[in-house]
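1. Below are the sequence and a predicted model for it; my questions follow.
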Amino acid sequence: MEGLTIATAETIAAPAASTLAGADAARPGRMVSLDVFRGATIAAMILVNDPGSWSHIYPPLEHAEWNGWTPTDLIFPFFLFIVGVSLTLSFASRIARGITRRALVIHVLRRSALIFAIGLFLNGFPGFDLGSIRIMGVLQRIALCYLVAGLLYLATFRREPAADRPTRVRANLRVTAAVAVALLVGYWALMMFVPVPGYGAGHLGKEDNLGAYVDRTLMRGHLWSESVTWDPEGFLSTLPAIASLLIGILAGEWLRSDQRAGRKALGLAAAGLVLLAAGQLLHPYFPINKNLCTSSFVLFTGGFAMLALAACYWIVDVRAWRAWTAPWLVFGMNAILAYALAALVSEISTDFEFLKFQGRETTLHGWIYDKFFVPHFNPVNASLAFAVFFVLVIYALLWPFFRGKVFLRI
């Protein structure tokens, strides 16, 4: 799969053949729960990114100010984890079908470059001021993590021949786990012991930490618009983020194993609890912090992701309770399209003032919010109701693609 393509019912064995019941939502062997988990995660991201007013938000729908976490802080690491699970399922299947290592390396390079480019485009839209465009971002971090993890998988995977079944392709679990540990320990050591000019070593504030210094040095003028001195998806903090994706690869390999389905769900949940506890235990020494993507944050959120996927896997794939899954599949099977549509619609609706409301110029976002939500709810509920409405708008835009079994593939 090279570049940006549209997959239709004729070109892929598309899941979700039943758009209402969801009972036939997968071809044999497909993990529908992963699509559902991805869909719920992208819907949650759209919800928290698009309130009616940033001044009126329920605390769980905001990021933690600095140390600590909220449910909103789980969303992005969930995406990285999902990419890791998807990677090992996809690559193993392709290699088993005879696709060469070289072809997959080219695929990884092209896909990473394209995802990074889409992220840059969304950062620049609509003005495209190259002098101040933000270089990093959500898609850019996903691209870099996918690049490193994908190449690591392709460099180290193993074939396991057996007399009673076809040769199985497996990630090298020891190497994958060792690299994840090395990234987390190495990042902790860098942040705690490398001195920052003007501040010294071991500082973990917004401006005095090593990651912020690296970002200012490499990307001054091209950082997150809310801060000119640091970036929540910066270069250095991408190192531990790679470990989130590697944790997903390990989880994916467990789900591909020959264990019974119930044991898979139980084992995934148990591993999730261990990582969750490890992250919490490390919090006093290297605080759970989304903006710094601390090692404790990676372990904590990786554990949460395992628990969430274990529950979803048990409900959707083991028990086959799928009547509720169709809305999440609409988002989950076109996740990149959903993210891009949400970003573009949000920018268009907030950047241009072309409507009048109560005698003043306003944006489409402002007009809808002030006219249909503010008069009927208290401030935080009006803001939340608008966010839910925005999610439904993106759902409506995605529905024709899902209905026609047209899925964007990169």
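-> Cool, the structure landed. Numbers count the residues shown, from 1 in each chain.
2. Quick check: the gap between Gly198 and Asp208.
-> 8 Å (C-beta to C-beta, to the nearest Å). Bear in mind the C-beta positions are built from the backbone N, C-alpha and C, glycine included.
3. the more surrounded of those two?
-> A direct count of neighbours by other C-beta atoms under 10 Å for Gly198 and Asp208 places Asp208 higher, at 16 against 8.
4. Tell me who's in contact with the more buried one.
-> Counting by C-beta atoms under 8 Å, 6 or more residues apart in numbering, Asp208 touches 196, 199.
5. Okay, buried residues for stretch 131-145 please.
-> Using 16 or more other C-beta atoms under 10 Å as the test for burial, stretch 131-145 gives 133-145.
6. residue boundaries of the strands in the stretch 51-200 of the chain?
-> Counting by DSSP state E, counting those that start in this stretch, one finds strands in the stretch 51-200 of the chain at the ranges 158-162, 165-170.
7. Show me what the first one pairs with in its sheet, parallel or antiparallel.
-> Counting by DSSP bridges, the strands paired with strand 158-162 are strand 165-170 (antiparallel).
8. For the buried residues of stretch 131-145, name the two members farthest from one another.
-> The span of the buried residues of stretch 131-145, defined through C-beta to C-beta, is set by Ile133 and Cys145 at 21.0 Å.
9. Show me the residue sitting in the middle of this protein in space.
-> Closest to where the C-alpha atoms of the chain average out (C-alpha atoms, centre = their mean) is Phe79, at 2.1 Å.
10. From the chain's centroid, how far away is the strand or helix carrying Val345?
-> Assessed by DSSP states H and E, Val345 sits inside helix 335-351. Helix 335-351 has its C-alpha centroid displaced from the chain centroid by 16 Å (C-alpha atoms, centre = their mean, to the nearest Å).
11. Buried by neighbour count: which residues of that helix qualify?
-> In helix 335-351, counting by 16+ other C-beta under 10 Å, buried: 335-343, 345-346, 349.
12. Between these, which sits nearest Arg170?
-> Nearest to Arg170, judged by C-beta to C-beta, of these is Ala335 at 26.0 Å.
13. Quick check: closest non-adjacent residue to the closest one.
-> Ile42 (5.0 Å; C-beta to C-beta, 6 or more residues apart in numbering).
14. Helix or strand next in line after the helix or strand of the chain with the lowest mean pLDDT, which one?
-> None of the helices or strands of the chain scores lower by mean pLDDT, DSSP states H and E than strand 5-7, at a mean of 54. Next along the chain after strand 5-7, taking DSSP H and E as the criterion, comes helix 32-49.
15. Which residue comes closest to Leu245 once chain neighbours are left out?
-> Nearest non-adjacent residue to Leu245, counting by C-beta to C-beta, 6+ apart: Gly84, 4.0 Å away.
16. With Thr88 instead?
-> Thr88's closest residue in space is Gly252 (C-beta to C-beta, 6+ apart), at 3.7 Å.
17. So what angle separates the directions of the helix or strand containing that neighbour and strand 165-170?
-> Per DSSP H and E: Gly252 is located in helix 238-255. Angle, helix 238-255 to strand 165-170, by axes from the mean of the first three to the mean of the last three C-alpha atoms, to 10 degrees: 160 degrees.
18. Show me what helix 238-255 is packed against.
-> Secondary-structure packing of helix 238-255 (3 or more C-beta pairs under 8 Å, 6 or more residues apart in numbering; DSSP states H and E): helix 75-96, helix 138-156, helix 173-193, helix 261-282, helix 295-312.
19. The third one vs helix 138-156, what angle?
-> In this case it means helix 173-193. 130 degrees.
20. After helix 173-193, which helix or strand is next?
-> Scanning forward in sequence from helix 173-193 by DSSP H and E, the next helix or strand is helix 210-219.
21. quick one: that following helix to helix 238-255, angle?
-> 110 degrees.
22. Regarding the nearest residue to Gly52 once chain neighbours are set aside, which helix or strand does it belong to?
-> Distance criterion C-beta to C-beta, 6+ apart; nearest residue to Gly52, sequence neighbours excluded, is Phe386 at 3.2 Å. Taking DSSP H and E as the criterion, the element that holds Phe386 is helix 379-403.
23. other SSEs contacting that helix?
-> helix 32-49, helix 326-332, helix 335-351.
24. one more time with 10 Å, if that's ok
-> Secondary-structure packing of helix 379-403 (3 or more C-beta pairs under 10 Å, 6 or more residues apart in numbering; DSSP states H and E): helix 32-49, helix 326-332, helix 335-351, helix 364-368, strand 407-409.
25. now these as CSV including distance to Ala320 and mean pLDDT?
-> Shown next, in CSV, are these (distance: least, C-beta to C-beta, whole Å; pLDDT from 0 to 100):
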stretch, distance to Ala320, mean pLDDT
helix 32-49, 9, 97
helix 326-332, 14, 95
helix 335-351, 23, 93
helix 364-368, 40, 91
strand 407-409, 23, 83
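26. of those, which approaches Ser112 most closely?
-> Using C-beta to C-beta, those put helix 335-351 closest to Ser112, at 13.1 Å.
27. relative to helix 138-156, how tilted is that closest one?
-> Between helix 335-351 and helix 138-156, the angle comes out at 160 degrees (the same axes, to 10 degrees).
28. Is Phe372 in contact with Phe386, as I believe?
-> Yes - contact criterion C-beta atoms under 10 Å: Phe372 and Phe386 qualify, at 8.4 Å.
29. any weak-confidence spans in the chain?
-> 1-29, 162-164, 354-359 (pLDDT under 70).
30. Domains of it: list them as residue ranges, please.
-> 1-62+321-410, 65-319 (automatic domain parsing).
31. Run the chain-centre distance for the first one.
-> From the chain centre to the centre of domain 1-62+321-410 is a distance of 15 Å (C-alpha atoms, centre = their mean).
32. For the nearest residue to Leu184 once chain neighbours are set aside, grab the count of nearby residues.
-> Nearest in space to Leu184, with sequence neighbours left out and distances taken as C-beta to C-beta, 6+ apart, is Ser295 at 3.9 Å. Using other C-beta under 10 Å, Ser295 has 27 other residues around it.
33. what's the spatially closest residue to Thr350 that is not a sequence neighbour in contact with, if anything?
-> Leaving aside its sequence neighbours, Thr350 sits nearest to His365 (C-beta to C-beta, 6+ apart; 4.7 Å). Residues in contact with His365 (C-beta atoms under 10 Å, 6 or more residues apart in numbering) are 50, 52-53, 345-352, 355, 386, 390.
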